[in-house]
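> Quick one, fold the following:
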Amino acid sequence: MGRRAETIILPLELLRHLKPSEFNDAHEYHLWQKRQLKILELGLLLHPSIPLDRSNTFAMRLRDIVRSSESKSIDTGKHSENMRALCNSVVSLAWRSPTGAQTDVCHWADGFPVNIHLYLALLHSIFDLRDETLVLDEIDEILELIKKTWSTLGISRAMHNLCFTWILFQQYVVTGQTEPDLLCASVAMLAEVVIDAKKSDREVLYVKMLSSVLTSIKGWSEKRLLDYHESFHKGTIGLMDNLLPLALSVTKILDEDVGGAAVSAPEERKLEPAVDSTGNRVDQYIRSSLKTAFTKVLETEDPNDKTGEIEQKAKESLFQLAKETEDLATKEKETFSPILKKWHPIATGLAAVTLHNCYGTVLKQFLAGVSTLTNETIEILQRAGKLEKVLVSMVVEDSVDYEDGGRAIVREMVPYEVDSIILSLLKTWIEERLKKARELFERAKETETWNPKSKTEPYAQSVVELMKLAKQTVDDFFEIPIRTSDDLVHDLAGRLELLFQDYTTFVASCGSKQSYIPTLPPLTRCNRDSKFIQLCKKASPCKIGTEDSHHNGSNEGNHPRPSTSRGTQRLYIRLNTLHYLLSHIHSIDKTLALSPRLSPSSTTKPTRFPHNRRQLGCGSSYFDLARSSIQAASQHVSEIAAYRLIFLDSNSVFYESLYMGDVANARIRPALRILKQNLTLLGAILTDRAQPLAIKEVMKASFEAYLMVLLAGGSSRVFYRSDHEMIEEDFDSLKRVFCACGEGFIAEEVVEREAETVEGVVTLMGQCTEQIMEDFSIVACEASGIGMVGSGQKLPMPPTTGRWNRSDPNTILRVLCHRNDGAANQFLKRTFQLAKRR
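Next up is the predicted model:
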């Protein structure tokens, strides 16, 4: 035709030269005509490159023609009025210039976005219609032809590069991402776009297009990269290798070259703030993809499921979650990290940190609902600890050559603190168990009656329950599947020991022996002519009858019954309880010491515990303090039981009867018969281990009572020097009771040692009155510190100490007070003005 392409209005020329006869039918021609008119409407009326005045008559006329074509085709003949009006309107609108001056280029298809759509349609012709993943061999020739439309469509080289990049990328996507060469070509063209984007003479329209295209590419790419575990697998990992540089380049252009220009997706830019570097963007891909992958695994496992057996399901879920988390980390390291490391120096380490924190969050949620320690919880924590070691090892290994050794990334790992959590839960578990034991103890204080459950269990029921709970606690403690430190065992033992000591104190809270010892009567002197002595003399011929009467009244003839009261028997139950406690403490102590789960303390420094401030030495026990407390308590209870037995239960046949009136008519035989029966009952109630101490204390109490009869028997008792042999004989009989008691419970030398004091007093009673008075004067002077008594001086009254001894001045004085002798009577009257007995 001899015309330049930029002067041809193609749709108009087609309307002028193509006739209805060239189409199959009128309808087909009508549809084609409408398409041509619509193109003119888009390029000249709706999206003109030069702004259009609303009152432009040519525009109004063209609009009417287009509207009229909707119902029927218009006549395009040479002489048609409509055709002339169409040509005039189109030519007038197309040949306008921005300044109104004459132009040599028509503008009918260079308005945005019509020109871009038309250009993209042209570019799409490079693909093979039979296989759209392939580019035609004649691509270079086709592109050269397409470039001839640049002036008509208003396309610049920068726009061409951008459109070509987009058409390649779009074709890769719409064909199912099966041809990686299309993606590689997109990346190659993007290198040209990078150069164009940095030019200073960019048009506003180009920047707008650039932002729109790159934002679309970025959105699609990052949708896959932010979840690359779902988007790629081992067989398609190469696609990720191509997509990464595309996404990173696009992001870089948008951040550095587009800047604050308007974008087609402002909401996305609000949600995704600009990043500073490629590494930071890859950082986001890694974190996002792993979090998403972990979440999918988590949704499958659901460790917080509230149905069924919650604890078992939680254990299984968290175990499986830990395994799959470890598998995710391995997959990341082997499959994705080699590619990601091209863009991020510690990709593997970052992945490990992300997974570590993800699992840590779930573990924390699980532990928030854990209030007590169970084996399941321990196993979950140990599995978490194993996972943490694997992940930390990956971080360390990946960070060796990093500039800061990976310290920054490691700081992001919130430690699971498995050991400290287990320790805390274990301490809570100990507290709960000991709280139960403490509650049991408090109930025992309110309800314990010290009555045995049966003859085969002669101890308090409360101690059985307490030690059963304590042993169960220790057994369960070592059943917990962890290595237990010395410190923790000491802590448990210390708390148990405190409980045992408190229980021991409770058992030993049964008064004191002083409450059973009779009050000492006032000192008086014997009066040989007193009515009481005269009465005794008159009754003396009837010795046998008096003794028999005494026996019958107190001892029920030849078959005396034990006088042990219920209260004393309950004291025996207390003693058995203490020995039961001691034997079971030994068993628990052995369990603690020999446990195979015991591991050395984490520190070599002495550790202080709330209730146990000692460190075990060689041969020491965990419960030394408790043992000492129990031994002291046993001594205390044995002493009280003995004094109650002798001074209360046996009072009628011992202190109140022995030697009452005169020695010959009130010998010790009846008291010994009752004592033997009481000792037999004691042996029947007390356990073998408790008997030796209890019998020894009965012996000591008997000797104490015997001394009180001799030295503090009151005005109803008087002694002659001639009574010495009978008294000595009676005391030997009392000693033989204990020497022959049981199967050697008390050694003879122990009996002799305890009897020394009594024998000393008995020996003193065998001395003549003058010798006793002389001994008293010497001892009293020495005790008072005055030396010798001069003329006009009086001997001081020796204080009553209660510690009877033949060298004690008060003891010697009491022997004189009970001596029915004129010399003694005068000495006491002259020296101390003691009153006579009535």
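> Tell me if residue 201 really is in a strand.
No - assignment of residue 201 by DSSP: H, G, I helix; E, B strand; the rest coil gives coil, placing it outside any strand.
> Report how many residues lie close to it.
Residues contacting residue 201 under the criterion other CB atoms under 10 Å number 6. (Each C-beta comes from the backbone N, C-alpha and C, glycine too.)
> any idea how far it lies from residue 666?
As for residue 201, its distance to residue 666 is 140 Å (criterion: CB to CB, to the nearest Å).
> Could you do residue 70 as well?
Applying CB to CB to residue 70 and residue 666 gives a distance of 148 Å.
> And those two? Which one has more around it.
Shown here are residue 70 and residue 666; by other CB under 10 Å, residue 666 has more neighbours (21 against 9).
> Against residue 626, how distant is that one?
Residue 666 is 47 Å from residue 626, by CB to CB.
> This protein: strands as residue ranges?
All strands of the chain, identified by DSSP state E, fall at 484-485, 598-599.
> Where among the ones you listed is average confidence lowest?
Among the strands of the chain, strand 598-599 has the lowest mean pLDDT, at a mean of 60.
> Show me what stretch 337-346 is in contact with.
237, 240-241, 244, 248, 278-279, 282-283, 285-286, 347-348, 350-351, 395, 398-399, 402, 406, 409 (CB atoms under 8 Å, 6 or more residues apart in numbering).
> Sort out which of the residues you listed are in helices and list them.
Among those, the members falling in helices (DSSP state H) are 237, 240-241, 244, 248, 278-279, 282-283, 285-286, 347-348, 350-351, 395, 398-399, 409.
> In PyMOL, how would I select just the buried ones from those?
Of these, the buried ones can be selected in PyMOL as follows, counting by 16 or more other CB atoms under 10 Å:
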select buried, resi 240+241+244+248+278+279+282+283+285+286+347+348+350+351+395+398+399+409
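> quick one: contacts for the most centrally placed residue in the chain?
Nearest residue to the geometric centre of the chain (CA atoms, centre = their mean): residue 425, 3.1 Å. Counting by CB under 8 Å, 6+ apart, residue 425 touches 370, 372, 373, 377.
> What is the least confident helix or strand in the chain?
helix 543-555 (a mean of 37; mean pLDDT, DSSP states H and E).
> quick one: residue 69 from residue 92, how far?
19 Å.
> What of residue 679?
On the measure of CB to CB, residue 679 and residue 92 end up 142 Å apart.
> residues in contact with stretch 803-818?
By CB under 8 Å, 6+ apart, stretch 803-818 touches 523-526, 707, 710-713, 717-719, 757, 760-761, 763-765, 769, 772-773, 775-776, 779-780, 783, 798-801, 824, 827-828, 834.
> pLDDT (mean, whole number) over that stretch?
Stretch 803-818 carries an average pLDDT of 91.
> Over to stretch 496-507?
For stretch 496-507, the per-residue pLDDT averages 96.
> With neighbour numbers in mind, choose between residue 69 and residue 92.
residue 69 (19 against 16).
> Now residue 525: closest residue in space, sequence neighbours ignored.
residue 828 (4.0 Å; CB to CB, 6 or more residues apart in numbering).
> The one you found reaches residue 835, doesn't it?
No - at 9.6 Å, residue 828 does not count as touching residue 835 under the criterion of CB atoms under 8 Å.
> who touches both of those two?
Contacts common to residue 828 and residue 835, judged by CB under 8 Å, 6+ apart, are residue 525.
> Please say which of the two ends up with more neighbours.
Neighbours of residue 828 and residue 835, each counted by other CB under 10 Å, are more numerous for residue 828; the result is 22 against 14.
> What about residue 19, how many residues nearby?
So residue 19, with other CB under 10 Å, has 10 neighbours.
> likewise residue 477?
Counted with other CB under 10 Å, residues neighbouring residue 477 total 21.
> And it, how far from residue 429?
Taken as CB to CB, the span from residue 477 to residue 429 is 8 Å.
> Count the residues that sit near the nearest residue to residue 783 once chain neighbours are set aside.
Residue nearest to residue 783 in three dimensions, not counting chain neighbours: residue 809, with 5.1 Å by CB to CB, 6+ apart. Other residues near residue 809 come to 24 when the count uses other CB under 10 Å.
> cool, and residue 108?
25.
> Report the contact partners of it.
Per CB under 8 Å, 6+ apart, neighbours of residue 108: 9, 11, 12, 40, 43, 44, 90, 93, 94, 152.
> who wins for most neighbours among the residues you listed?
In terms of neighbours by other CB under 10 Å, the contacts of residue 108 top out with residue 44 at 30 neighbours.
> Need the pLDDT of the nearest residue to it once chain neighbours are set aside.
Computed as CB to CB, 6+ apart, the closest residue to residue 44 that is not its neighbour in sequence is residue 93, at 4.5 Å. Residue 93 is assigned a predicted lDDT (pLDDT) of 84.
> Quick check: residue 93 touching residue 59?
Yes - taking contacts as CB under 8 Å, residue 93 lies within contact range of residue 59: 6.3 Å.
> what sits in contact with each of those two?
Common neighbours of residue 93 and residue 59 are listed as 44, 45, 52 (criterion: CB under 8 Å, 6+ apart).
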